[in-house]
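In: Quick one, fold the following:
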Amino acid sequence: MKRGTTVRLEPTEDIAATMGKLKGDRVTIGFALEDHAGRSHAERKLRTKRFDAIILNSPGAIDAERTAVAYYDGRRWEPWPALPKSKIAIRIIRRVMDLLAS
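Out: Residues are numbered from 1 along each chain as shown. Okay, here's the model as predicted:
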């Protein structure tokens with residue numbers, strides 16, 4: 001982009017909130033990328049977007065091969081150790097399966 005270029009932004013629909021309103025019996029898990037007050041922000045996001053669970057991570061996760069995250073299901077926080085992102089994805093899928101079974 002060259003100097004002096006103006007980019008006009010327009011608000012869009014909150015896709016996650018819309019999914020929460022329309023989800024029915026589907027399971028939704030959100031992600032919160034937070035640099036401060038992570039747990040409180042993630043908990044609020046879980047409630048307002050009507051997620052079944054949320055994964056909290058930090059900006060350090062961007063472009064990283066591995067990351068440590070915390071999983072929250074509305075009742076308790078569970079910190080997960082630093083793992084390759086593919087292993088975190090497998091854990092998330094297992095949690096979705098658990099939520100579907102309950």
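
In: partners of the residue nearest the centre of the chain in the sheet?
Out: Computing the C-alpha centroid of the chain and ranking residues by Cα atoms, centre = their mean puts Phe31 first, at 0.6 Å. Beta bridges link Phe31 to Ile55, judged by DSSP bridges.

In: For it, list the residues it contacts.
Out: Ile54, Ile55, Leu56, Asn57 (Cβ atoms under 8 Å, 6 or more residues apart in numbering). Using the backbone N, CA and C atoms, a C-beta is placed for each residue, glycine as well.

In: Report the contact partners of the last one.
Out: Spelled out, it's Asn57. The contact partners of Asn57, by Cβ under 8 Å, 6+ apart, come to Phe31, Ala32, Leu33, Glu34, Thr67, Ala68, Val69, Ala70.

In: And Tyr72, by the same measure?
Out: Tyr72 neighbours (Cβ under 8 Å, 6+ apart): Arg39, Ala42, Glu43, Leu46, Ala53, Ile54, Ile55, Leu56, Glu78.

In: any low-confidence regions in the chain?
Out: 1 (pLDDT under 70).

In: can you give me the strands in it?
Out: 29-33, 53-57, 66-72, 77-84 (DSSP state E).

In: hey, which of those is tucked in deepest?
Out: Each of the strands of the chain was scored by mean neighbour count; the highest is strand 53-57, a mean of 23, by mean count of other Cβ atoms under 10 Å.

In: closest to Pro84 among the contacts of Tyr72?
Out: Ile55 (14.9 Å; Cβ to Cβ).
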